[in-house]
Every structure is written in structure tokens, then in C-alpha cells.
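Enquirer: Just need the structure, nothing else, for what follows:
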Amino acid sequence: MLKTTCIWLAITLGVLSGANGVFMLIAPEAWYAAVPGVTTTGPFNQHFIRDIGLIYLLMSAGLLVGAARPGLRVPLWAATAIWVSGHALFHVWEVAVGICGPSALLRDFAAVHLPAILTWLLTFWALPGSSAAKPQPAPRAHA
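Expert: You can find the predicted model right below:
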């Protein structure tokens, strides 16, 4: 059950990251206008938005390949967790120095902070010695 949940979580995060990345690459101005709070962080910059869109596509690839290839989970999911955690910490810093108000933390939680938490949980689950690495007992046959 836990394995299935973790794999589906990685797939869901991967698909959502990929969709965000594609949106950023294909329609950066529409992405800029559509995502809550983005317009308050600075002027529109299509080059920067597309650069970050590429990062989201890489995150997507790491999450999806990790879901399919158990031996690659830890490095791919850890790399994703490191980047998305840095992104989340940058959002906290913006509040700490007064660039954004504290309400930005709540507004950004589902799209910024929660993915950081979830990717670390996936990474820790995939570490050798965790439940991901332990063989699951075969179900007992009922007579």
C-alpha cells in the first residue's frame, strides 16, 4: 500500500511539474498572468520564465523516471527535492525581508512548499533500508 501511494505521488508530482513546465515554455505571458502572486514579484520576463519552465520539465523527468526505475529513485528524487526546497526557502526569504507579506506563504503553500516536503518524503522512503528497500511478504493463501 505505501509503495503504491509513493509511486502514484511521484507520478502525480511529475505530471503536474511537467504540465507547469510546458505552460511556462509555450505561453510564458499567460502563465505569468494566471499564477497567483507572480505579478507581484517583478516585471514579466519571458526568458526567465522559460528557463524555470525547463527546470520544471527536468523535475518532471526525475520524478517520473524515478517512479519507473527503482535504482534511480534516490538520486533523481533527491535532486528534485533539493531544487524545489531551495525554491521554497527563497519564498520564505522574500517574506522575511519584506518583499512579500506573510499571506504569500499560505498562498504559495500548495504549489511551492508542499512539493518540497513531499519530494523529501519520497526520497527518504526510497533510501536503502527504508520500507521501499525491504521486500514485502507474500500474501498468505487461504485454504
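
Enquirer: from here on, contacts and neighbour counts on C-alpha atoms
Expert: Will do.

Enquirer: burial count for residue 25?
Expert: Neighbours of residue 25 under the rule other C-alpha atoms under 10 Å: 21.

Enquirer: and if you look at the one 5 residues further on?
Expert: A total of 11 residues lie near residue 30 under the criterion other C-alpha under 10 Å.

Enquirer: Could you give me the buried positions within the host helix or strand of residue 75?
Expert: Residue 75 belongs to helix 73-96 when assigned by DSSP states H and E. Residues of helix 73-96 classed as buried: 73-74, 76-81, 84-85, 88, 91-92, 94-95 (neighbour count, 16 or more other C-alpha atoms under 10 Å).

Enquirer: now swap in stretch 117-127 and tell me
Expert: Counting neighbours by 16+ other C-alpha under 10 Å, stretch 117-127 gives 118-120, 122-126 as buried.

Enquirer: Off-centre distance for that stretch?
Expert: Offset of stretch 117-127 from its chain centre (C-alpha atoms, centre = their mean, to the nearest Å): 11 Å.

Enquirer: do the same with stretch 41-56
Expert: Counting by C-alpha atoms, centre = their mean, stretch 41-56 is centred 17 Å from the centre of its parent chain.

Enquirer: and the residue nearest the centre of the chain, what element?
Expert: Most central in the chain under C-alpha atoms, centre = their mean is residue 115, positioned 4.2 Å from the mean C-alpha point. Per DSSP H and E, residue 115 falls inside helix 114-126.

Enquirer: Export that helix to PDB, keeping only CA atoms.
Expert: Provided in PDB are the C-alpha atoms of helix 114-126 (Å, rounded to 0.1, in the frame of the first residue of the first chain):
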ATOM      1  CA  LEU A 114       4.100  21.200  -0.200                       C
ATOM      2  CA  PRO A 115       6.000  19.800  -3.200                       C
ATOM      3  CA  ALA A 116       9.300  20.300  -1.400                       C
ATOM      4  CA  ILE A 117       8.000  18.400   1.700                       C
ATOM      5  CA  LEU A 118       6.600  15.600  -0.500                       C
ATOM      6  CA  THR A 119       9.700  15.100  -2.600                       C
ATOM      7  CA  TRP A 120      11.800  14.800   0.500                       C
ATOM      8  CA  LEU A 121       9.400  12.300   1.900                       C
ATOM      9  CA  LEU A 122       9.600  10.300  -1.300                       C
ATOM     10  CA  THR A 123      13.400  10.500  -1.200                       C
ATOM     11  CA  PHE A 124      13.600   9.300   2.400                       C
ATOM     12  CA  TRP A 125      11.100   6.500   1.600                       C
ATOM     13  CA  ALA A 126      13.300   5.400  -1.300                       C
END
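
Enquirer: Noted, bye for now.
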